[in-house]
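Novice: Sequence and predicted structure below; questions after.
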Amino acid sequence: GGNAPLPGAPAWLAEARKWGGEAPPLPEPVPPAPSDAVLRGYACNSCLAFALHADDIVSTAFHGRKGGALLVRGLHNIRPGAKEDRMLMSGLHTVSDVHCVRCDAIVGWRYDHAHHPSQKYKVGKFVVERTCLTKLAEED
């Protein structure tokens, strides 16, 4: 069939074909880290729910509705809103706003579909507004 894996193809290719170019479903919420864990990352600015690991930042050069934003490959403790087509600075995308599961604040959006081939790298990633984040303290 059309979805049969190619001989020698990487596993991610079969997974990408399964979703037909759409972003996969969001992961389950991440429980809070143990109190003795050292976190490098960011939390929701409104309620301090853990939001993302510093290692998940893809780019710091993005813009959101409120100014500077981060493009990230993983976002925790969020729930998606409805998908909608939205004209962004880089063209038309299908996106869904993402809300904090604890306080319901909109912290950014997820790219669900890119309408232009040059923007496909964003699908499944998130834009998070810098004003919605608080950097977690780091220990040495």
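Specialist: Good, I have the coordinates. Numbering: from 1, shown residues only.

Novice: List the buried residues in stretch 100-110.
Specialist: Neighbour-count burial for stretch 100-110 flags 100, 102, 105, 107-110 (criterion: 16 or more other Cβ atoms under 10 Å). Every residue, glycine included, has its C-beta placed from N, CA and C.

Novice: what sits against the one residue sitting closest to the centre of the chain?
Specialist: By Cα atoms, centre = their mean, the mean C-alpha position of the chain lies nearest to Phe126, the distance being 2.7 Å. Contacts for Phe126 (Cβ atoms under 8 Å, 6 or more residues apart in numbering) come out as 71-75, 98, 108-111.

Novice: Just those residues: which are in strands?
Specialist: 71-72, 98, 108-111 (DSSP state E).

Novice: Run through this structure and note the low-pLDDT ranges.
Specialist: Scanning the chain for pLDDT under 70 picks out 1-39, 138-140.
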